[in-house]
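K.L.:
starting from these lines, generate the structure:
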Amino acid sequence: MVQHMFPEKKKLLLIAFSLTLVLSPALRGFGQAVLPPPAEVKAVMQRVADWQMAHVQDLYSGRPTPHHPLAWTSAAFYVGLEKWARIADDGRYDQFLTRIGQAHDWQLHERRYHADDHAVGQMYLALYEKVGQKDMLRPTQQQFEYILAHPAQT
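P.N.:
All right, here's what the predicted structure looks like:
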(Lines give C-alpha, C1' and ligand atoms only; values in the text may rest on other atoms or scores of the structure.)
Protein backbone atom coordinates (compact mmCIF):
# COMPACT_ATOMS: atom_id res chain seq x y z
CA MET A 1 0.00 0.00 0.00
CA VAL A 2 2.85 2.41 0.81
CA GLN A 3 4.32 2.10 -2.69
CA HIS A 4 1.09 3.47 -4.24
CA MET A 5 1.08 6.61 -2.06
CA PHE A 6 2.06 10.04 -3.22
CA PRO A 7 5.65 10.99 -2.25
CA GLU A 8 4.39 13.64 0.22
CA LYS A 9 2.23 11.10 2.05
CA LYS A 10 5.11 8.63 2.17
CA LYS A 11 7.30 11.32 3.71
CA LEU A 12 4.65 12.25 6.33
CA LEU A 13 4.08 8.61 7.19
CA LEU A 14 7.82 8.05 7.61
CA ILE A 15 8.15 11.14 9.84
CA ALA A 16 5.17 10.09 12.00
CA PHE A 17 6.54 6.57 12.37
CA SER A 18 10.02 7.87 13.25
CA LEU A 19 8.64 10.28 15.86
CA THR A 20 6.62 7.48 17.42
CA LEU A 21 9.73 5.33 17.74
CA VAL A 22 11.84 8.16 19.13
CA LEU A 23 9.29 9.56 21.60
CA SER A 24 7.65 6.38 22.87
CA PRO A 25 10.31 5.65 25.55
CA ALA A 26 9.90 9.20 26.91
CA LEU A 27 6.13 8.83 27.15
CA ARG A 28 6.10 5.53 29.02
CA GLY A 29 5.82 7.08 32.48
CA PHE A 30 3.57 9.94 31.41
CA GLY A 31 0.04 9.76 32.75
CA GLN A 32 0.34 6.48 34.63
CA ALA A 33 -2.40 5.95 37.17
CA VAL A 34 -1.55 5.54 40.83
CA LEU A 35 -2.98 2.25 41.99
CA PRO A 36 -4.69 2.03 45.38
CA PRO A 37 -3.19 -0.34 47.94
CA PRO A 38 -4.53 -3.93 47.83
CA ALA A 39 -6.19 -3.60 51.25
CA GLU A 40 -8.19 -0.64 49.99
CA VAL A 41 -9.29 -2.56 46.89
CA LYS A 42 -10.37 -5.51 49.04
CA ALA A 43 -12.35 -3.21 51.36
CA VAL A 44 -14.26 -1.76 48.41
CA MET A 45 -14.86 -5.22 46.97
CA GLN A 46 -16.25 -6.35 50.32
CA ARG A 47 -18.62 -3.38 50.51
CA VAL A 48 -19.84 -4.06 46.97
CA ALA A 49 -20.37 -7.78 47.64
CA ASP A 50 -22.20 -7.08 50.90
CA TRP A 51 -24.41 -4.45 49.27
CA GLN A 52 -25.25 -6.75 46.38
CA MET A 53 -26.18 -9.60 48.73
CA ALA A 54 -28.48 -7.25 50.65
CA HIS A 55 -30.15 -6.06 47.43
CA VAL A 56 -30.15 -9.22 45.34
CA GLN A 57 -33.94 -9.21 44.95
CA ASP A 58 -34.31 -5.52 44.10
CA LEU A 59 -35.78 -4.47 40.77
CA TYR A 60 -33.35 -4.05 37.88
CA SER A 61 -33.50 -3.39 34.14
CA GLY A 62 -36.89 -1.69 34.32
CA ARG A 63 -38.56 -5.06 34.88
CA PRO A 64 -41.82 -5.24 36.85
CA THR A 65 -40.40 -8.09 38.96
CA PRO A 66 -36.89 -9.04 40.10
CA HIS A 67 -34.85 -11.46 38.04
CA HIS A 68 -35.44 -15.09 38.96
CA PRO A 69 -32.81 -16.30 41.44
CA LEU A 70 -31.67 -18.94 38.92
CA ALA A 71 -31.61 -16.63 35.87
CA TRP A 72 -28.28 -16.06 34.14
CA THR A 73 -28.19 -12.49 35.45
CA SER A 74 -28.31 -13.80 39.01
CA ALA A 75 -25.89 -16.62 38.17
CA ALA A 76 -23.31 -14.12 36.93
CA PHE A 77 -23.42 -12.44 40.35
CA TYR A 78 -23.18 -15.79 42.15
CA VAL A 79 -20.12 -16.85 40.17
CA GLY A 80 -18.42 -13.52 40.88
CA LEU A 81 -19.36 -13.74 44.56
CA GLU A 82 -17.93 -17.25 44.79
CA LYS A 83 -14.66 -16.01 43.31
CA TRP A 84 -14.67 -13.13 45.79
CA ALA A 85 -15.30 -15.61 48.63
CA ARG A 86 -12.01 -17.32 47.75
CA ILE A 87 -10.15 -14.03 48.06
CA ALA A 88 -12.00 -12.72 51.12
CA ASP A 89 -11.74 -15.98 53.05
CA ASP A 90 -15.09 -15.16 54.64
CA GLY A 91 -17.62 -17.97 55.05
CA ARG A 92 -20.61 -15.63 54.81
CA TYR A 93 -20.39 -15.61 51.03
CA ASP A 94 -20.40 -19.39 50.64
CA GLN A 95 -23.22 -19.62 53.19
CA PHE A 96 -25.27 -17.13 51.15
CA LEU A 97 -24.67 -19.11 47.95
CA THR A 98 -25.39 -22.43 49.66
CA ARG A 99 -28.75 -21.10 50.90
CA ILE A 100 -29.67 -20.20 47.31
CA GLY A 101 -28.74 -23.66 46.07
CA GLN A 102 -30.65 -25.35 48.88
CA ALA A 103 -33.73 -23.17 48.34
CA HIS A 104 -33.86 -24.40 44.75
CA ASP A 105 -32.83 -28.00 45.45
CA TRP A 106 -29.67 -27.39 43.42
CA GLN A 107 -31.75 -27.31 40.22
CA LEU A 108 -30.87 -25.37 37.12
CA HIS A 109 -33.36 -22.84 35.75
CA GLU A 110 -36.37 -23.99 33.74
CA ARG A 111 -35.31 -24.21 30.07
CA ARG A 112 -33.56 -27.55 29.64
CA TYR A 113 -31.70 -26.72 26.42
CA HIS A 114 -30.98 -23.05 27.02
CA ALA A 115 -27.41 -22.28 28.09
CA ASP A 116 -28.51 -19.16 30.00
CA ASP A 117 -30.46 -21.43 32.31
CA HIS A 118 -27.41 -23.60 32.95
CA ALA A 119 -25.26 -20.70 34.21
CA VAL A 120 -26.16 -21.20 37.87
CA GLY A 121 -24.60 -24.67 37.59
CA GLN A 122 -21.18 -23.00 37.57
CA MET A 123 -21.82 -21.73 41.09
CA TYR A 124 -23.03 -25.18 42.16
CA LEU A 125 -19.86 -26.74 40.75
CA ALA A 126 -17.64 -24.23 42.57
CA LEU A 127 -19.37 -24.96 45.89
CA TYR A 128 -19.18 -28.70 45.24
CA GLU A 129 -15.43 -28.41 44.66
CA LYS A 130 -15.10 -26.75 48.08
CA VAL A 131 -17.24 -29.11 50.17
CA GLY A 132 -17.78 -32.23 48.05
CA GLN A 133 -21.51 -32.65 48.74
CA LYS A 134 -22.80 -34.68 45.79
CA ASP A 135 -26.34 -33.32 46.13
CA MET A 136 -24.99 -29.90 45.07
CA LEU A 137 -24.03 -31.21 41.66
CA ARG A 138 -26.38 -34.15 41.05
CA PRO A 139 -29.26 -32.23 39.35
CA THR A 140 -26.85 -30.40 37.04
CA GLN A 141 -25.11 -33.62 36.08
CA GLN A 142 -28.46 -35.36 35.49
CA GLN A 143 -29.68 -32.55 33.26
CA PHE A 144 -26.51 -32.56 31.17
CA GLU A 145 -26.63 -36.35 30.86
CA TYR A 146 -30.23 -36.02 29.64
CA ILE A 147 -29.20 -33.41 27.08
CA LEU A 148 -26.40 -35.65 25.81
CA ALA A 149 -28.79 -38.59 25.49
CA HIS A 150 -31.57 -36.45 23.95
CA PRO A 151 -30.01 -33.68 21.84
CA ALA A 152 -32.20 -30.71 20.95
CA GLN A 153 -34.05 -31.07 17.66
CA THR A 154 -33.62 -27.45 16.60
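K.L.:
how about Tyr78, nearest residue that isn't a chain neighbour?
P.N.:
Closest residue to Tyr78 apart from its sequence neighbours, by CB to CB, 6 or more residues apart in numbering: Met123 at 4.0 Å. Backbone N, C-alpha and C define where each C-beta goes, glycine included.
K.L.:
OK, contacts around the one you found?
P.N.:
Ala75, Tyr78, Val79, Glu82, Leu97, Ile100, Gly101 (CB atoms under 8 Å, 6 or more residues apart in numbering).
K.L.:
so it is in which element?
P.N.:
Counting by DSSP states H and E, the element that carries Met123 is helix 120-131.
K.L.:
run the chain-centre distance for that helix.
P.N.:
Helix 120-131 has its C-alpha centroid displaced from the chain centroid by 15 Å (CA atoms, centre = their mean, to the nearest Å).
K.L.:
and the next element down the chain from it?
P.N.:
Using DSSP H and E, the next helix or strand after helix 120-131 towards the C-terminus is helix 134-149.
K.L.:
for the protein, what helix or strand is lowest in average pLDDT?
P.N.:
helix 7-27 (a mean of 68; mean pLDDT, DSSP states H and E).
K.L.:
list the buried residues in the helix or strand following that helix.
P.N.:
Per DSSP H and E, helix 7-27 leads on to helix 38-54 as the next helix or strand towards the C-terminus. Going by neighbour count (16 or more other CB atoms under 10 Å), the buried part of helix 38-54 is Gln46, Ala49.
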